[in-house]
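K.L.:
heads up, no residue letters with this:
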């Protein structure tokens, strides 16, 4: 796990609570990977896809829509600009990226012990993003509110498996569209001290995010450091639109990080094959990340990938199936060859409720993403029905899985204690290890302890009420919210943030777009 | 997928049914793997574990209990036999195995198109094994009967993701313990034409299994070929008992395959660390497989591993957590270095019901096993509550996952059609691929189609009754049993099997052990 020890708290009550949470898994700033990456493409296949992506960039090109500045930058960089279509000499995008994009970067949190390194052999797990709805067992599915948003920030803050507070965890629809970014960014800052993501729905909202970050971190610090990572989706196929380019440009100018993410439902927004989809992803990501480097060389960029397969019967997106897994494995290889951090994965599923389908699909995607070497795992926890709903129960179930991934990526302890030859000598044939010296010395931290699994006998489980996982998870998130205590925030900073929001909100009318 | 095309059937009705099943995934005799293995140990770690396992064999040794013949064979082979404890010169077991154990073998099915190759780059998925209970949504949990057993044989026969009929799928407790093996073996032969496993609870029952196989395949054929693969568990730690040695010896003498399986709840029956547990697994498997080679050089053996982690709070076994996954990855590497087929994995879980816990844990284990290179995946489908119950719903849910693994292991299609450059050229920026020529030509087989997932919109799902996965699976297995048609079996063979069973059953009293 990451190198930053969890900060010690003063109060005995809080210390006890922290200890209880710690019992689930150690709270670490990120996961340090010690096992290899899993790769499904051989050298020849990788080179073929890279070649084909360059062919796409050269022959077909990418549209940069409604954003003349991008066309100007591309023209100056030597690309062929025809209307809004940009065609790129072979290798241009790659060479721009390799010349200045960092292979990893620190995203600072307001609590420096929670700052995350993104890239290299590290994994940072981030809540799901963008749902208009929330769901829980008590009230079913409903539109999300700012209270839901705050709740998920608190749950992410308290989850050892999650290293990041995320961005638009859910859409607070009780606040006007053009003002809710203030409340979202504020909630991340106020109710958590983990790093967070910024608004991307308008360049001004990106600037507001940066300005609020300056209040927290100081202007000078933000000028020199990355304190926000934000999600820029391509409008696939082969298109970036004005909104995303505008927001991306603001972040890049401010040296803040962007995740350039082809967003594909394969078969609808990309070819119906894995290799074809991966080719398109590479082409789009190359063009988008190179654009960021043209805006400000050295601004952190992350190679993003969101890929589901479209059901050829209904057109609906499907998750957790083998083709999207192969895509994630393949793109992981391509991102490492390019030398930039990689974002994908998470607990993706099509299920409407936190049932077996949700869990199979989420586990398949989580395992794949961890083994593929995802550095920034957006959508780790909470995702339901193709991202349309954030589930309270699903959130704590997925966060538990994230904790397991963190342990798995640490690999096998080959120390003398890990080898345990003395335990084998002490116990010998036919006896048991429960009371062995080695077992007693190691049992407390030996195996991952799930927060939501029930491992009891059937009889015990029946006595406990025959609860399913979702019911246990329902109790868990409620208990967590009850136990929640906000991390300290400097009163002057809090006041300045509120003043800024009040002032800015008064400067324009409410709008629902 | 395996090379044997599904046998064509005559009747139009059956052909339509077959087509419906085929639509889920192609029916193949096994999975041909085209992607790499995932390995978590580096060369140094592997050599250290191999060294330590030899130290265990040399210093501590293995007990072969109640079976003098094994001690005699070991004495003759150069081992140090002290009472029932056998200690082995370093490298002895490995050299015996490498001298004669086949790296892969064909297990013949009575329908030759269903014969499976076990070992190498292949995966064979096998139902779960050994449960005294069954569970379904209609009747909950109850003792299994021979009718349940037959039902699961039929479901496995109809599941494209399963390549094998399994063994003691569940214990038919309505038949006396000492006679139920006849009905189990007969059910596998009568209601399926996939390969099956034999009885291991007594040497005579192993011999009955072989004798029944001779009726089906012919004496001469069985003398020269492997038609049964059977499960021999070690009595871990470091012990083989009389029952298992007796059954294993019968199978080996008849050139039939055995899976030598250390059966470990880590922390109770092995050290509480991954490396220590893997060391013990290797020592036990080396001794067991070498013993088989002493009985009959060349008899097929499979390196088995069953490993769960014991909850250090309750002593209960836990599944789907990172430590057992690391064990499976590590042992896969060791088995390949030894040059024998590898058995592990399956849809393991501790959950009592087919809920999210069951699915997370099963998916984690299934993904791990597939990537680790398991050749013979016992417990692929149906497993609930640590193996105490076979679930009807869980069975079809897991079998669906097995189908997905088969697709994933085939890797990325890098053909020209797979690369799909023409599709990218045809569609271009901002359009969609649904109507593209390439999409139309490929959509029917493009993506895995799950039999139990619901990918519809929330509104549609609600209109359909808001069913969870288990409820949909409940309908599916009932429909499958309704659609079931037995594969043809020669009437003379059927009669001979029944005559054999009737005669043998009359030769001794019923017993419940």
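P.N.:
It's in. Keep in mind that this is a model prediction, so the values were computed, not measured.
K.L.:
just how off-centre is the longest helix along chain A within its chain?
P.N.:
Longest helix of chain A, by residue count under DSSP state H: helix A:274-295. Using CA atoms, centre = their mean, to the nearest Å, the mean C-alpha position of helix A:274-295 is found 19 Å from that of the whole chain.
K.L.:
One more: stretch A:374-393?
P.N.:
The answer for stretch A:374-393 is 9 Å, by CA atoms, centre = their mean.
K.L.:
next one: stretch A:115-124
P.N.:
Using CA atoms, centre = their mean, the offset of stretch A:115-124 from its chain centre is 11 Å.
K.L.:
so how far is residue A:367 from residue A:278?
P.N.:
19 Å (CB to CB, to the nearest Å). Every C-beta, even on glycine, is put in place using the N, C-alpha and C of the backbone.
K.L.:
cool, residue A:194 as well?
P.N.:
Residue A:194 is 24 Å from residue A:367, by CB to CB.
K.L.:
again with residue A:407
P.N.:
13 Å.
K.L.:
For the two, indicate the residue with more neighbours.
P.N.:
The neighbour comparison of residue A:407 against residue A:367 (other CB atoms under 10 Å in any protein chain shown) goes to residue A:367, with 26 against 20.
K.L.:
That one reaches residue B:367, doesn't it?
P.N.:
Yes: judged on CB atoms under 8 Å, residue A:367 makes contact with residue B:367 at a distance of 4.5 Å.
K.L.:
tell me what whatever helix or strand residue A:71 lives in is packed against?
P.N.:
Using DSSP states H and E, the element containing residue A:71 is helix A:68-77. In terms of contacts (3 or more CB pairs under 8 Å, 6 or more residues apart in numbering or on different chains; DSSP states H and E), helix A:68-77 is packed against strand A:62-64, strand A:80-82, strand A:85-87, helix A:242-253, helix A:274-295.
K.L.:
helix, strand or coil for the nearest residue to residue A:45 once chain neighbours are set aside?
P.N.:
Spatial nearest neighbour of residue A:45, excluding adjacent residues (CB to CB, 6 or more residues apart in numbering or on different chains): residue B:414 at 4.9 Å. The local conformation at residue B:414, judged by DSSP: H, G, I helix; E, B strand; the rest coil, is coil.
K.L.:
Name all residues that make contact with residue B:414.
P.N.:
Contacts for residue B:414 (CB atoms under 8 Å, 6 or more residues apart in numbering or on different chains) come out as A:44, A:45, A:48, A:275.
K.L.:
Now for these, which sits with the most neighbours around it?
P.N.:
Most surrounded of the contacts of residue B:414: other CB under 10 Å gives residue A:275, at 26 neighbours.
K.L.:
Can you read off the pLDDT for the residue nearest to that residue when sequence neighbours are not counted?
P.N.:
Nearest residue to residue A:275 in three dimensions, chain neighbours excluded: residue B:418, at 4.4 Å (CB to CB, 6+ apart). pLDDT for residue B:418: 97.
K.L.:
Please apply the same query to residue A:445.
P.N.:
For residue A:445, the model assigns a pLDDT of 86.
K.L.:
Tell me how many other residues crowd it.
P.N.:
Residue A:445 is flanked by 12 other residues according to other CB under 10 Å.
K.L.:
OK, contacts around it?
P.N.:
No residues are in contact with residue A:445 under the rule CB under 8 Å, 6+ apart.
K.L.:
isn't there a strand covering it?
P.N.:
No: assessed with three-state DSSP, residue A:445 is helix; it does not lie in a strand.
K.L.:
From chain B, how far off is the most centrally placed residue in chain A?
P.N.:
Centroid-nearest residue in chain A: residue A:378, 1.9 Å away (criterion: CA atoms, centre = their mean). Residue A:378 sits at a distance of 20 Å from chain B (criterion: CB to the nearest CB, to the nearest Å).
K.L.:
My guess is that residue contacts residue A:342. True?
P.N.:
No: at 11.1 Å, residue A:378 and residue A:342 do not qualify as touching, with contact defined as CB under 8 Å.
K.L.:
Can you pull the residues that touch both of those two?
P.N.:
In contact with both residue A:378 and residue A:342: residue A:304, using CB under 8 Å, 6+ apart.
K.L.:
per-residue confidence averaged over the strand or helix carrying residue A:211?
P.N.:
If you go by DSSP H and E, residue A:211 is part of helix A:203-217. For helix A:203-217, the mean pLDDT works out to 98.
K.L.:
List the buried residues in it.
P.N.:
Buried residues in helix A:203-217, counted by 16 or more other CB atoms under 10 Å in any protein chain shown: A:203-217.
K.L.:
just stretch A:483-490 next, same as before
P.N.:
A:484, A:487, A:489.
K.L.:
which one of the residues you listed is nearest chain B?
P.N.:
Distance to chain B across these (CB to the nearest CB) is lowest for residue A:484, with 23.9 Å.
K.L.:
Skipping its backbone neighbours, what lies nearest that closest one in space?
P.N.:
Using CB to CB, 6+ apart, the closest residue to residue A:484 is residue A:154 (4.7 Å).
K.L.:
how near is the one you found to chain B?
P.N.:
Applying CB to the nearest CB to residue A:154 and chain B gives a distance of 22 Å.
K.L.:
Could you check which residue of the stretch 301-450 of chain A lies nearest chain B?
P.N.:
For the stretch 301-450 of chain A, CB to the nearest CB, closest residue to chain B: residue A:420, 2.7 Å.
K.L.:
give the contact list for that residue.
P.N.:
A:438, B:271, B:272, B:273, B:275, B:276, B:277, B:279 are the contacts of residue A:420 under CB under 8 Å, 6+ apart.
K.L.:
In the stretch 201-350 of chain A, which residue sits nearest chain B?
P.N.:
residue A:276 (2.7 Å).
K.L.:
and that residue, what does it touch?
P.N.:
Per CB under 8 Å, 6+ apart, neighbours of residue A:276: A:270, B:418, B:419, B:420, B:421, B:423, B:424, B:438.
K.L.:
Can I get those residues in TSV including distance to residue B:451 and secondary structure?
P.N.:
What follows is the contacts of residue A:276, written out as TSV (distance: CB to CB, whole Å; DSSP: H, G, I helix; E, B strand; the rest coil):
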residue	distance to residue B:451	secondary structure
A:270	25	strand
B:418	25	helix
B:419	30	helix
B:420	27	coil
B:421	33	helix
B:423	28	helix
B:424	32	helix
B:438	27	helix
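K.L.:
who wins for neighbours among those?
P.N.:
Of the contacts of residue A:276, with other CB under 10 Å as the count, residue A:270 tops at 33 neighbours.
K.L.:
can I assume it is in contact with residue A:237?
P.N.:
Yes: the pair residue A:270 / residue A:237 is scored as a contact, 6.1 Å apart, by CB under 8 Å.
K.L.:
Run a quick neighbour tally on the residue lying closest to residue A:217 once chain neighbours are set aside.
P.N.:
Closest residue to residue A:217 apart from its sequence neighbours, by CB to CB, 6+ apart: residue A:227 at 5.1 Å. Close neighbours of residue A:227, defined as other CB under 10 Å, add up to 26.
K.L.:
mind checking pLDDT for residue A:227?
P.N.:
98.
K.L.:
for it, what are its contacts?
P.N.:
A:107, A:108, A:195, A:213, A:216, A:217, A:221, A:256.
K.L.:
Next up, the contacts around the first one.
P.N.:
By that I understand residue A:107. Residue A:107 makes contact with A:115, A:116, A:118, A:195, A:226, A:227, A:228, A:229, A:257, A:300, according to CB under 8 Å, 6+ apart.
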